[in-house]
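1. No sequence on hand, only this structure:
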């Protein structure tokens, strides 16, 4: 692993290595000194071209707990707002000696471009690119589910909502199918991509029929900012057919859990009672996010790049 | 033409030697610390954990009182962490009572350069402040690169730098033995 660009790039062994490493990282939260020396002297740049609170502070906390130096870069108030290109921004960061770059960009494929263009030598972590992927979110979701359900092999996981605009859904479908889970995507037809045939999952338009069989239900945020046009008649109609409220939650099996990547639209895709219920692991997802990102940064940045290529030859 | 003989390493300690050494170490730990009360055993993965468990069982048999036993992964504290490919982490398990004010006995299979123990001392410093830290090893093979020595040694084994010392334990390898071989794997 040189970069983390797509959840689909991870083999089963690599995915399990990240999740097992995250398990060790999570125990750090119970210690008096929440700091490890693994990335001492390394520089991690948070390169955020799009607004984000939880992903950015989660990566920042993860890098700092591993003793890395963290530089936060947001497009607002930087030379990007003066028209600087991605290439020049990348060359600037390279000149400053960034060992790892955590990139969020509104354009799908921007992290891939950073990783393959040769502009910089550091490891690139995709922290969400356009409507493409958000691999660390998928990893933290899988990590959270694994802690509650055990192995995800054969588990039935339902992802509900705005799949069309959701990088979280895409990364989750790819990762969960690698981990052997049985994924069903539920959405109104207008919020599904036109061709789902290459997605390793089944689709449904009927939430109620899928609910009783689910081991975990992941609600996606309705992304109003990415919707230029009407995808459903009204918010009320969406909530009635695809929102998770207490009545729907009652159909779930006893051990089933409810996830949401946040930020939530309470009352829209998830009701407040559900979000605050004992089934909801939404707050835990945030805690686990730091552990998973520590694991990713540790595995990408702690070793030397030269010997890792030698090892592959050996 | 007969095939080239498979190199066979020499056995330095067999199962009963290892058992006797661990029993002696358990007694030495009790004698030196005047009982089991202040002692916490921390094994360094992988095989140090198995050895710590066995020492703990012997102490329990002698004193009728179990000592807290855990494991301490030192991977992220190693001084060669940036020089080698990223390694998978091992499990760290600190006993519920913590280590503050206790006598921590680190347990490892082979003491060589001393760098693992230096890393372990740093790791302990991030977890708490023990009253003292002691070191128990099954084999001390010499060639220290740091000012570190063991308090309890199963066997001092003079070696040359090119030789390899391997500890096998039933829990991990199916058999108890300490083996020594040259770099080709043959007996020396």
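-> Received, thanks. Just so it is clear, the model here is predicted, and its values are computed rather than measured.
2. can you list the residues of the stretch 151-300 of chain A near chain B?
-> Residues of the stretch 151-300 of chain A found near chain B (CB under 8 Å from any CB of the partner chain) are A:298, A:299, A:300. Heads up, the C-betas are built off the backbone N, CA and C, glycines and all.
3. If we use 10 Å, what do you get?
-> Within reach of chain B by CB under 10 Å from any CB of the partner chain, the stretch 151-300 of chain A has these residues: A:295, A:298, A:299, A:300.
4. Hmm, the last one is touching residue A:68, no?
-> Translated: residue A:300. No: applying CB atoms under 10 Å as the test, residue A:300 and residue A:68 come out as separate, 11.2 Å apart.
5. For the stretch 1-150 of chain A, what lies in contact range of chain B?
-> So the stretch 1-150 of chain A meets chain B at A:1, A:17, A:20-25, A:27-28, A:30-42, A:66-67, A:99 (CB under 10 Å from any CB).
6. let's see it at 8 Å
-> A:17, A:20-21, A:24-25, A:27, A:31-33, A:35-38, A:41-42, A:66.
7. among the residues you listed, which ones are buried?
-> A:17, A:20, A:21, A:24, A:25, A:36, A:37, A:38, A:42, A:66 (16 or more other CB atoms under 10 Å in any protein chain shown).
8. Tabulate the residues you listed (CSV), appending pLDDT and distance to residue B:123.
-> Below are those laid out as CSV (pLDDT from 0 to 100; distance: CB to CB, whole Å):
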residue, pLDDT, distance to residue B:123
A:17, 96, 21
A:20, 96, 19
A:21, 96, 16
A:24, 94, 12
A:25, 95, 14
A:36, 94, 9
A:37, 94, 9
A:38, 94, 11
A:42, 94, 19
A:66, 96, 14
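9. Mind checking which of those land in helices?
-> Among those, the ones falling in helices (DSSP state H) are A:17, A:20, A:21, A:24, A:25.
10. In contact with the residue in the stretch 201-314 of chain A that chain B sits nearest to, which residues are there?
-> Chain B sits closest to residue A:303 of the stretch 201-314 of chain A, with a gap of 3.6 Å, by CB to the nearest CB. Residue A:303 makes contact with B:81, B:82, B:84, B:85, B:86, B:87 under the criterion CB atoms under 8 Å, 6 or more residues apart in numbering or on different chains.
11. try 6 Å this time
-> Counting by CB atoms under 6 Å, 6 or more residues apart in numbering or on different chains, residue A:303 makes contact with B:85, B:86.
12. Quick check: it vs residue B:125, distance?
-> Distance of residue A:303 to residue B:125, given as CB to CB, to the nearest Å: 24 Å.
13. Check the offset of stretch B:22-31 from the chain's centre.
-> 14 Å (CA atoms, centre = their mean, to the nearest Å).
14. Give me the buried positions along that stretch.
-> Quick answer for stretch B:22-31 (16+ other CB under 10 Å): B:22, B:25, B:26, B:29, B:30.
15. would you list those residues in TSV and tack on secondary structure?
-> Listed next are the buried residues of stretch B:22-31 as TSV, based on DSSP: H, G, I helix; E, B strand; the rest coil:
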residue	secondary structure
B:22	helix
B:25	helix
B:26	helix
B:29	helix
B:30	helix
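16. Which of the residues you listed sits closest to chain A?
-> When those are compared against chain A (criterion: CB to the nearest CB), the nearest one is residue B:29, at 25.8 Å.
17. For the spatially closest residue to residue B:102 that is not a sequence neighbour, the count of nearby residues, please.
-> Distance criterion CB to CB, 6 or more residues apart in numbering or on different chains; nearest residue to residue B:102, sequence neighbours excluded, is residue B:40 at 4.6 Å. For residue B:40, the count of nearby residues is 24 (other CB atoms under 10 Å in any protein chain shown).
18. What backbone torsions are found at the residue nearest to the spatial centre of chain B?
-> Taking CA atoms, centre = their mean, the centroid of chain B lies closest to residue B:108, which sits 1.0 Å from it. Phi and psi for residue B:108, reported as degrees, to the nearest 10, are phi -140, psi 160.
19. got the contact list for residue A:128?
-> When the contact criterion is CB under 6 Å, 6+ apart, the partners of residue A:128 are A:104, A:134, A:167.
20. in chain B, what spans have low per-residue confidence?
-> Counting by pLDDT under 70, the low-confidence segments of chain B come to B:1-5.
21. dump the residue contacts of residue 38.
-> Let's take chain A. With CB under 6 Å, 6+ apart, residue A:38 has these contacts: A:66, A:298, A:302, B:76.
22. I was after chain B.
-> B:102, B:103.
23. now do 7 Å
-> B:102, B:103, B:131 (CB atoms under 7 Å, 6 or more residues apart in numbering or on different chains).
24. so where do the strands sit in the chain?
-> Reading this off chain A. For chain A, the strands identified by DSSP state E occupy A:43-48, A:69-74, A:100-105, A:123-129, A:156-160, A:182-186, A:202-204, A:216-219, A:257-259, in order along the chain.
25. Oops, wrong one, chain B.
-> Secondary structure of chain B, counting by DSSP E: strands at B:10-13, B:39-43, B:69-71, B:103-111, B:132-140, B:152-156, B:164-168, B:177-181.
26. Can I get those strands in TSV including distance to residue B:62?
-> Converted to TSV, these look like this (distance: least, CB to CB, whole Å):
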stretch	distance to residue B:62
strand B:10-13	22
strand B:39-43	12
strand B:69-71	15
strand B:103-111	15
strand B:132-140	15
strand B:152-156	15
strand B:164-168	24
strand B:177-181	24
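27. Can you report how many residues neighbour residue A:151?
-> 11.
28. Can you pull the domain assignment for chain A?
-> A:7-133+A:287-303, A:135-282 (automatic domain parsing).
29. closest to residue B:137 out of those?
-> Closest to residue B:137 of the domains of chain A is domain A:7-133+A:287-303 (CB to CB; 24.1 Å).
30. Can you give the distance from the closest one to the centre of its chain?
-> 12 Å.
31. related to what we said a few turns ago, could I get the domains of chain A as a markdown table with distance to residue B:187?
-> Formatted as a markdown table, the domains of chain A follow (distance: least, CB to CB, whole Å):
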| stretch | distance to residue B:187 |
| --- | --- |
| domain A:7-133+A:287-303 | 35 |
| domain A:135-282 | 43 |
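32. Can you say which of these is nearest to residue B:113?
-> Going by CB to CB, the one of the domains of chain A nearest residue B:113 is domain A:7-133+A:287-303, 18.8 Å.
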